[in-house]
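Undergrad: can't give you the sequence, but here's the structure:
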C-alpha cells in the first residue's frame with residue numbers, strides 16, 4: 001500500500017520505544033507510542049501540532065512529557081495511586097495491521113486490560129481502549145472504559161493534551177468565557193472574563209464548555225477543540241517560567257512552546273456499574289489562516 005495513494009499504518013520506533021505511525025495521502029500523520037497509548041505527534045500541512053519535550057523520558061516505564069498522555073484511573077494526585085494513574089506507563093496492545101480506513105481517515109484502537117500488577121494497586125477488572133482517528137486536518141482521540149467485573153468501580157481520567165505553540169505569550173484560548181473555574185495556583189473560584197491569555201503559571205479546572213474552544217496563535221486561528229459531554233471538565237495548564245525551570249524533563253523555556261488543554265472527568269468521579277461502559281472523545285481540528 002503506497003503512502004501517496006491511500007492511508008497507511010506502519011510499525012515505528014520512537015527513541016527505542018515501539019510505536020505506530022498513521023499516514024494520510026495528503027501528508028498528515030500521527031505517531032502513537034504503545035507505552036500509554038500515547039499520541040506523540042500530529043503533523044498537519046508539514047507543521048507539528050503537539051508539543052513533545054526534547055527531554056522526555058524514553059525508558060519504557062517513566063511518563064513521557066508531551067503529546068497526549070492518557071490519565072487513568074486517577075487524575076493527578078486525587079487518590080492513592082501514582083500521579084495520573086498507571087495507564088500512561090503501561091504497554092497497551094495494538095499493531096499497525098489492525099488500523100482500518102474510516103471515511104477519509106485512518107483509525108487505530110489500542111487496548112489495555114487489568115492484570116495482576118494493576119489489581120495489586122487498583123482491585124478492579126476493566127478493559128480500556130483508546131481510539132485514535134486521523135483525518136485530514138483533524139485528530140480525534142476517544143477513551144473507552146468497560147467495567148468487566150461484577151462490582152461497581154469509580155475512576156477519574158483525562159486526555160492530557162499538550163498543544164504546540166510558537167510563543168505562549170502570543171496565544172489565546174476562547175470558548176470558556178463566563179464559566180466559574182477553580183484556579184489551582186491561587187485556590188480561588190473566579191469567573192472567566194474574556195479569552196485566556198498566558199505568561200505566568202496557569203492551572204485551572206473549568207466545567208466543559210458547551211461550545212467548541214478555539215486556540216489563536218499570533219492573532220491567527222489555529223485549532224478548534226471539541227470535547228464530548230462525558231468529559232465534564234476542561235483543564236488548562238501551563239507551568240510558566242518558574243515551575244518549568246524545576247521540571248527535569250523540560251527545557252527551561254519549554255513553557256513558551258506548549259499549552260495543555262485537557263478533556264477531563266475529575267471533579268466528580270465516573271462510577272460504572274458492573275459490566276458498564278463509558279466513552280468520551282476529544283476532537284482537534286486545524287483552522288485555516290485568515291487572509
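TA: Sure, I can see it. Fair warning: this is a prediction, and the values are worked out from it, not measured in the lab.
Undergrad: ok, which stretches of the stretch 1-150 of the chain are helices?
TA: Counting by DSSP state H, counting those that start in this stretch, residue ranges of the helices within the stretch 1-150 of the chain are 116-121.
Undergrad: can you give me the strands for it?
TA: Along the stretch 1-150 of the chain, the stretches classed as strands by DSSP state E, counting those that start in this stretch are 8-14, 17-23, 29-33, 38-44, 47-48, 70-71, 100-102, 105-113, 126-135, 138-147.
Undergrad: would you convert these into CSV that also reports distance to residue 169, mean pLDDT and mean neighbour count?
TA: Glycine gets a C-beta too; all of them are placed from N, C-alpha and C. As requested, the strands of the stretch 1-150 of the chain are arranged in CSV below (distance: least, Cβ to Cβ, whole Å; pLDDT from 0 to 100; neighbours: other Cβ atoms under 10 Å):
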stretch, distance to residue 169, mean pLDDT, mean neighbour count
strand 8-14, 30, 97, 17
strand 17-23, 32, 98, 21
strand 29-33, 28, 98, 25
strand 38-44, 23, 98, 24
strand 47-48, 20, 96, 12
strand 70-71, 27, 98, 26
strand 100-102, 38, 95, 13
strand 105-113, 34, 98, 20
strand 126-135, 30, 98, 21
strand 138-147, 25, 98, 21
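Undergrad: a markdown table for the ones you listed, including distance to residue 158?
TA: Formatted as a markdown table, the strands of the stretch 1-150 of the chain follow (distance: least, Cβ to Cβ, whole Å):
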| stretch | distance to residue 158 |
| --- | --- |
| strand 8-14 | 22 |
| strand 17-23 | 22 |
| strand 29-33 | 17 |
| strand 38-44 | 13 |
| strand 47-48 | 22 |
| strand 70-71 | 4 |
| strand 100-102 | 24 |
| strand 105-113 | 16 |
| strand 126-135 | 13 |
| strand 138-147 | 9 |
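Undergrad: doesn't residue 21 make contact with residue 9?
TA: Yes. Residue 9 is in contact with residue 21 according to Cβ atoms under 8 Å; the separation is 6.9 Å.
Undergrad: got any residues that touch both of these two?
TA: residue 96 (Cβ atoms under 8 Å, 6 or more residues apart in numbering).
Undergrad: burial count for residue 5?
TA: A count of nearby residues for residue 5, using other Cβ atoms under 10 Å, gives 8.
Undergrad: please read off the pLDDT at the nearest residue to it once chain neighbours are set aside from the model.
TA: Excluding its sequence neighbours, the residue lying closest to residue 5 (Cβ to Cβ, 6 or more residues apart in numbering) is residue 25, at 6.2 Å. Confidence at residue 25, expressed as pLDDT, is 95.
Undergrad: against residue 140, how distant is residue 25?
TA: 18 Å (Cβ to Cβ, to the nearest Å).
Undergrad: what's the spacing between the helix or strand where residue 173 lies and its chain's center?
TA: For residue 173, the enclosing helix or strand under DSSP states H and E is strand 171-174. Distance of strand 171-174 from the chain centroid (Cα atoms, centre = their mean, to the nearest Å) equals 18 Å.
Undergrad: what of stretch 154-172?
TA: That offset, for stretch 154-172, works out to 8 Å (Cα atoms, centre = their mean).
Undergrad: could you list the residues in contact with stretch 227-236?
TA: Residues contacting stretch 227-236 (Cβ under 8 Å, 6+ apart): 142, 158-160, 173, 176, 196, 202-209, 213, 259-268, 270, 278-283.
Undergrad: in the stretch 51-200 of the chain, where is pLDDT below threshold?
TA: In the prediction, the stretch 51-200 of the chain carries no residues with pLDDT under 70.
Undergrad: before we move on, back to that, quick check: buried residues in the strand holding residue 173?
TA: Buried positions in strand 171-174, judged by neighbour count with 16 or more other Cβ atoms under 10 Å: 171-174.
Undergrad: can you pull the phi/psi pair for residue 245?
TA: phi -60, psi -20 (degrees, to the nearest 10).
Undergrad: and stretch 182-201, what's buried?
TA: 182, 192, 195-196, 198, 201.
Undergrad: just these: which are in strands?
TA: Cross-referencing the buried residues of stretch 182-201 against strands under DSSP state E gives 182, 196.
Undergrad: among the buried residues of stretch 182-201, which one sits closest to residue 14?
TA: For those, the residue nearest residue 14 by Cβ to Cβ is residue 198; the value is 28.1 Å.
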